[in-house]
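Q: Predicted structure and sequence below. I'll ask about it afterward.
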Amino acid sequence: MTSNNAGFTAVPPRALGLQPGRVVAGGALVAAGLDDHEQVSGILKAAEGKKIKAVAGYDATVLAVTEDGTLLAAGSKAAEIMRDCEGKTVRAAGAGSGFAVVVGEDGTLSGAGRENGGQMAAIVKAAEGRKISIAECGSAYFLAVTEEGTLLTSSPIETSFSAQLVKAAEGKKIRDVSAGVVAALAVTEDGTLLAAGSDADQQVSGILKASEGKTITAVAIANKVCLAVTEDGTLLGAGADSQVLGILEATAGRRVTAVVSGPVHVLAVVQERDQDCGPLQPRQVCASLHTAGDQQDAYALVFKVGDSQQQLTSGESCKAVDTQSTQATHILVRRLSPSQDLATGSAYFTYDLGTGAVGIDADKSQLPAGLTYSTSDGNRFTFTWTV
């Protein structure tokens, strides 16, 4: 691997679903940046063939958490960090330079590796008795987000930028946060970007300007780089470092669901845009209708919301379908020839702003008898009508 700003690509991306703490399901990694401690190439190698659900990186250390909760580490003090987490099921992690804070299966925050400044102990103490969803290591400070969305910092100095960010976040539910060297970013539940700290390279003002009018779902910040992910999975970047160009090129044409940046590298978790249905817009699904039993007749599945109507036809290829998450979608199963309406029902679709994932609320929905569905590969729905 080269030690210059280059792009690295892991195994083919799979379906994703972002959760608090940059947790994803079935994710693959792409990366760009310096690899002088083999932190990038090492984590990509360790992640081969594994489903990654969380990523973290800082300076010479990169972490990844597998779907079964195993912590992977590469770069400085990687062996020591992994030793301290041996046998522990990890939900999320924050990487420092040669150390880490990790969120256990029960939401408890703990440290791994050795940090000499006392800030790791301070954030662990601040998180006592709370369940944590996100943990972030900055430069001589830490940030953590509780499951309720409260932002915590290890810095006791009210004038520090991390404390200023905590103050800006008061009364707001935080869904993502990133701790940089001289600045920090946070995202509120409604997708608003918050920032505090130095803007010497216009990385903070640049990303705030780029995100104007957009709903942000995830952020990452380093010394000279700010990154943000929009609701539709587009990666935004600002700053003076060539890492921005590297990771934007590496993620072109893909839906980004998680991103993490260190001073010398950038990692992103991606999924390919659906090629069968074309690029999906927020709240869209790629859907198809199949029949089981007597397949001599053709059938249609009709979705109605108000005056809007969409239709899937059995035997045809999948198509993009808009979903509505604020009111019921009326569903009708129709035999096409001779034309006959066979069954009716309703579906309440759900939409996760952070993941872009669409689901169906089973408790509220009343699907037509004989109609079932399955989901796979990032908002792909397969409906089956049993004749």
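A: Perfect, thanks for sending it.
Q: Could you use CA atoms for every contact and neighbour count after this?
A: Will do.
Q: any idea how far Val102 lies from Ala64?
A: To Ala64, Val102 is 11 Å away according to Cα to Cα, to the nearest Å.
Q: meant to ask about Ala343
A: Distance from Ala343 to Ala64, by Cα to Cα: 47 Å.
Q: So between those two, which is more surrounded?
A: Taking other Cα atoms under 10 Å, Ala343 and Ala64 do not tie; Ala64 has more neighbours (28 against 16).
Q: Common neighbours of Val102 and Ala64, please.
A: Common neighbours of Val102 and Ala64, using Cα atoms under 8 Å, 6 or more residues apart in numbering, are Ala93.
Q: looking at the sheet around Phe99, what are its partners?
A: Phe99 forms beta bridges with Gly113, as assigned by DSSP bridges.
Q: Please look at it and Asn116 and confirm they touch.
A: No - applying Cα atoms under 8 Å as the test, Phe99 and Asn116 come out as separate, 9.9 Å apart.
Q: Name the residue in those two with the higher neighbour count.
A: Phe99 (26 against 9).
Q: Count the residues that sit near Ile221.
A: For Ile221, the count of nearby residues is 31 (other Cα under 10 Å).
Q: ok, the residue lying closest to it once chain neighbours are set aside - contacts?
A: The shortest distance from Ile221 to any non-neighbouring residue, by Cα to Cα, 6 or more residues apart in numbering, is to Gly180 (5.2 Å). Neighbouring residues of Gly180 by Cα under 8 Å, 6+ apart: 137-139, 221-223.
Q: could the residues you listed be laid out in CSV, adding secondary structure, distance to Asp352 and pLDDT?
A: Listed next are the contacts of Gly180 as CSV, based on DSSP: H, G, I helix; E, B strand; the rest coil; distance: Cα to Cα, whole Å; pLDDT from 0 to 100:
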residue, secondary structure, distance to Asp352, pLDDT
Cys137, strand, 27, 88
Gly138, coil, 28, 84
Ser139, coil, 32, 80
Ile221, strand, 24, 84
Ala222, coil, 27, 71
Asn223, coil, 31, 70
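Q: where's Thr89 relative to Leu109, distance?
A: Counting by Cα to Cα, the gap from Thr89 to Leu109 is 12 Å.
Q: Same question for Cys277.
A: Cys277 sits 42 Å away from Leu109, going by Cα to Cα.
Q: between the two, who's got more neighbours?
A: Using other Cα under 10 Å, the more surrounded residue of Cys277 and Leu109 is Leu109, with 27 against 17.
Q: Tell me who's in contact with Asn379.
A: By Cα under 8 Å, 6+ apart, the residues touching Asn379 are 284-286, 357-358.
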